[in-house]
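Participant: model the following, please.
(chains A and B)
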Amino acid sequence: MVPDPRTPAGAGRFRRLNEPRPAAVEATPRGAPKAVLWRGTYQHVAAIHDTWRIDDEWWRDEIARRYFVIELDSGRHVTLYHDLVNDAWYAQEYANPKESAQKKRA
Amino acid sequence: MEAACLFVADFPVAIARRDKPSLKGRPVIIGGSPEEHAQVTACSAEAAAAGVTVGTTLRRALALCPGAVFLPLQESAIAAESERLTGLLELYSPIIEVIAPGHMHFDVHGLARMTGMNDWPYLRDLQAAAAAASGLTVQLAAAETVFAAHAAAVTIFDPPHEANQPRPRAKLPAENPVLVSPGQTRAFLSELPVEVLPVSPLLHVRLRLFGLERLGQVADLPFSAIQAQFGREGARAWELANGKDDAVITARRDELRINEELELPAPTALSEPLLVGTRMLLQRALSRPAIRGQVLRRLDWRLGLENGEQITRRAVFREPTSDPARMLIVLTGKIERLQLPSPAIALGITLSGLCSEYGHQSNLWPTGPRRQRELLDAIAQLNAREGTPQVYRIVEVQPWSRIPERQLALVAFDG
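Facilitator: This next block holds a predicted model:
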């Protein structure tokens, strides 16, 4: 028998972290972000520092994302992705699983 | 001449040999007796020739050099001797930098002219004074740059050796000072071995592996080639080999010491009068304007006995203080434990290690299990008031996932 932990159960006890937040993005015809609505104003993308693509779980709810690490005119760095399935843009922090595991080991 | 270097080779060994002349010519190893789990702190040239180096374990040193004389490291004697040499140099130069015990760099710009002497006689007088005052063989050199003076002092009397042999540590005693003439620095350095460069031992080895044994060989190579092969250290080595040295001598800062002495009204062997006298000395010393608003780290306590002996005790405070009561608490135990062979007649203290006062930040919660319990109680109270969990911990859910929102999650904190 598993003893009763006497702790309250419920959905409130578990929360997802780093959920993608919808972002308003103006993109170029080639699909790269050109301007981002950031805190009420559109800011131009000064530079794209990195980009990569994730394609996964095509056998159930397909995930296809194209990530961009951009720098806004204000100097702020933001990670965005373009959801290629729904054609929507999101902002989300991204930590490479391998790199974060290596950092933890170091 | 701008800079000078005074150097006593194998300083602890030199002191031991001065105090005990029978050690001359015999291998001497400083660090303790061979059965101790300690390392060699210094060794004579004879021991070095047998393979002993600083850092070798004493047992290994005994195996390498069975005939050596093992001596304990007398740090206080070495420090006192080095201080004596520095004090002597202070009579000659206002800017002295102590590199190590028995090794000083000092500024000599214009000093010879001030005394109406030429450079070389000035150096010779200085060397003779240092040798007479210390009873040690002192090597002295002066040059346009600090590195050239240093290199001259530590190696000039090193006899030439075969290129394919390891560099001997032995240095012949300098009988005369060395003066590197202005404009001759590069030419003078060119014959010196690469080991004189203040770079890592690994670079010394690498330079030799490339066939670069003398500074002249390093200086003749293009700067870009040296920098490309050996990096920043190589660039520094090239500059030094070419006589380019922008190093300056940093004068030591004199430490402020507060001394107070007291003659006891009557000889005593009891601890109570000594404590009363110490309290009086502390109050007197701490009321000095020179240390107002500052705190101290160190207190040296001295007791002069009727038979001429002196007993000293040192207290180093974990937290700097200017509170005489706290200082006395630290000293009380030491004074009460004293077994005096003769009545005390005089007391003295020296306060040193001055620093600025600083505040102390206490912990938000007391440390230990009590802190954890209070933290859990506070979280439980917060959750009960709001009705839902308010404090979460981050846990890894799928750390291997490429989808960021699946890697971590927040779980209610239960303690």
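Participant: and stretch B:336-352, end to end?
Facilitator: 23 Å (Cα to Cα, to the nearest Å).
Participant: show me what contacts the residue in the stretch 51-200 of chain B that chain A sits nearest to?
Facilitator: Per Cβ to the nearest Cβ, residue B:200 is where the stretch 51-200 of chain B lies closest to chain A, at 24.8 Å. (C-beta placed from N, C-alpha, C; glycine too.) By Cβ atoms under 8 Å, 6 or more residues apart in numbering or on different chains, the contact set of residue B:200 is residue B:233.
Participant: so who does the residue nearest the centre of chain B touch?
Facilitator: In chain B, the centroid-proximal residue (Cα atoms, centre = their mean) is residue B:100; its distance is 6.3 Å. For residue B:100, the contact set (Cβ under 8 Å, 6+ apart) comprises residue B:11.
Participant: run through the stretch 151-300 of chain B and note the low-pLDDT ranges.
Facilitator: The model of the stretch 151-300 of chain B has pLDDT under 70 over residues B:156-175, B:252-254.
Participant: test my guess that residue B:147 contacts residue B:249.
Facilitator: No - Residue B:147 lies out of contact with residue B:249 (Cβ atoms under 8 Å); the separation is 11.5 Å.
Participant: more neighbours, the two?
Facilitator: With neighbours defined as other Cβ atoms under 10 Å in any protein chain shown, residue B:147 and residue B:249 compare such that residue B:147 has more, 26 against 22.
Participant: which residues touch the more buried one?
Facilitator: Neighbour list for residue B:147: B:198, B:240, B:245, B:247 [criterion: Cβ under 8 Å, 6+ apart].
Participant: how about the first one, what does it touch?
Facilitator: Meaning residue B:198. B:147, B:150, B:240.
Participant: mind telling me what element the last one is part of?
Facilitator: With elements delineated by DSSP states H and E, residue B:240 resides in helix B:223-241, which encompasses its position.
Participant: mind checking the end-to-end distance for stretch B:240-249?
Facilitator: End-to-end span of stretch B:240-249 (Cα to Cα): 16 Å.
Participant: residues in contact with it?
Facilitator: Applying Cβ under 8 Å, 6+ apart, the contact partners of stretch B:240-249 are B:3, B:95-97, B:105-107, B:144-148, B:185-186, B:189-190, B:197-198, B:215-216, B:218-219, B:239.
Participant: looking at the residue most central in space within chain A now. What's its pLDDT?
Facilitator: For chain A, the residue nearest the mean C-alpha position is residue A:92 (2.6 Å; Cα atoms, centre = their mean). Predicted confidence (pLDDT) for residue A:92: 86.
Participant: do the same with residue B:6
Facilitator: For residue B:6, pLDDT reads 90.
Participant: any idea how far the closest residue to it other than its chain neighbours lies from residue B:149?
Facilitator: Residue nearest to residue B:6 in three dimensions, not counting chain neighbours: residue B:104, with 4.9 Å by Cβ to Cβ, 6 or more residues apart in numbering or on different chains. Per Cβ to Cβ, to the nearest Å, residue B:104 is found 11 Å from residue B:149.
Participant: hey, what's in contact with both of these two?
Facilitator: Counting by Cβ under 8 Å, 6+ apart, the residues touching both residue B:104 and residue B:149 are residue B:5.
Participant: residue ranges for the helices of the stretch 101-250 of chain B, please.
Facilitator: Along the stretch 101-250 of chain B, the stretches classed as helices by DSSP state H, counting those that start in this stretch are B:111-114, B:119-134, B:146-155, B:185-189, B:201-209, B:215-220, B:223-241.
Participant: sorry, back to before: now the contacts of residue B:198 in CSV, with distance to residue B:255?
Facilitator: Listed next are the contacts of residue B:198 as CSV, based on distance: Cβ to Cβ, whole Å:
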residue, distance to residue B:255
B:147, 28
B:150, 25
B:240, 32
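Participant: pick the one among the residues you listed closest to residue A:54.
Facilitator: Residue A:54 lies nearest to residue B:240 out of those, by Cβ to Cβ, at 54.1 Å.
Participant: what angle do the helix holding residue B:240 and helix B:146-155 make?
Facilitator: Orientation note: helix B:223-241 sits at an angle of 70 degrees relative to helix B:146-155 (axes from the mean of the first three to the mean of the last three Cα atoms, to 10 degrees).
Participant: show me what from chain B comes close to chain A.
Facilitator: Residues of chain B that fall close to chain A, judged by Cβ under 8 Å from any Cβ of the partner chain: B:388-389, B:392, B:394, B:399-405, B:407-412, B:414.
Participant: where does the stretch 251-400 of chain B get nearest to chain A, residue-wise?
Facilitator: Proximity to chain A, evaluated over the stretch 251-400 of chain B using Cβ to the nearest Cβ, is greatest for residue B:388 at 4.6 Å.
Participant: which strand or helix spans that residue?
Facilitator: Using DSSP H and E, no helix or strand contains residue B:388.
Participant: so what's it scoring on pLDDT?
Facilitator: 81.
Participant: for the longest strand along chain A, which strands pair with it and how are they oriented?
Facilitator: Criterion DSSP state E: the longest strand present in chain A is strand A:41-56. Sheet partners assigned to strand A:41-56 using DSSP bridges are listed as strand A:33-38 (antiparallel), strand A:63-72 (antiparallel).
Participant: buried sites along it?
Facilitator: For strand A:41-56, burial by neighbour count (16 or more other Cβ atoms under 10 Å in any protein chain shown) applies to A:43, A:45, A:51, A:54.
Participant: which one of the residues you listed is nearest residue B:15?
Facilitator: The closest of those, once distances to residue B:15 are taken by Cβ to Cβ, is residue A:51, at 68.6 Å.
Participant: the nearest residue to that closest one once chain neighbours are set aside and residue B:308: what is the separation?
Facilitator: The shortest distance from residue A:51 to any non-neighbouring residue, by Cβ to Cβ, 6+ apart, is to residue A:68 (5.0 Å). Per Cβ to Cβ, residue A:68 is found 85 Å from residue B:308.
Participant: neighbour count: the two, which is higher?
Facilitator: residue A:68 (22 against 8).
Participant: what's the burial count for residue B:146?
Facilitator: 22.
Participant: and the pLDDT for it?
Facilitator: Per the predicted model, pLDDT is 90 at residue B:146.
Participant: so who does it touch?
Facilitator: Counting by Cβ under 8 Å, 6+ apart, residue B:146 touches B:3, B:5, B:105, B:245, B:247, B:248, B:249.
Participant: now swap in residue B:306 and tell me
Facilitator: Contacts for residue B:306 (Cβ under 8 Å, 6+ apart) come out as B:267, B:342, B:343, B:344, B:345.
Participant: burial of residue 88, as a residue count?
Facilitator: Because you didn't say which chain, this covers chain A. Counted with other Cβ under 10 Å, residue A:88 comes out at 13.
Participant: please go with chain B instead
Facilitator: Residue B:88: 18 neighbours (other Cβ under 10 Å).
Participant: what sits against it?
Facilitator: Per Cβ under 8 Å, 6+ apart, neighbours of residue B:88: B:129, B:130, B:133, B:134.
Participant: try 7 Å this time
Facilitator: B:129, B:130, B:133 (Cβ atoms under 7 Å, 6 or more residues apart in numbering or on different chains).
Participant: cool, and residue B:79?
Facilitator: residue B:101.
Participant: pLDDT on the host helix or strand of it, on average?
Facilitator: Under the criterion of DSSP H and E, residue B:79 resides in helix B:75-90. In this model, helix B:75-90 has a mean pLDDT of 84.
Participant: next, the angle helix B:119-134 makes with that helix.
Facilitator: On the basis of the same axes, to 10 degrees, helix B:75-90 is oriented at 150 degrees to helix B:119-134.
Participant: partner strands of the helix or strand just after helix B:75-90, with direction?
Facilitator: Counting by DSSP H and E, the next helix or strand C-terminal to helix B:75-90 is strand B:96-100. The strands beside strand B:96-100 in its sheet (DSSP bridges) come out as strand B:103-107 (antiparallel).
Participant: can you report how many residues neighbour the residue nearest to residue B:6?
Facilitator: Using other Cβ under 10 Å, residue B:104 is surrounded by 26 other residues.
Participant: just residue B:277 next, same as before
Facilitator: 22.
Participant: perfect, that will be all.
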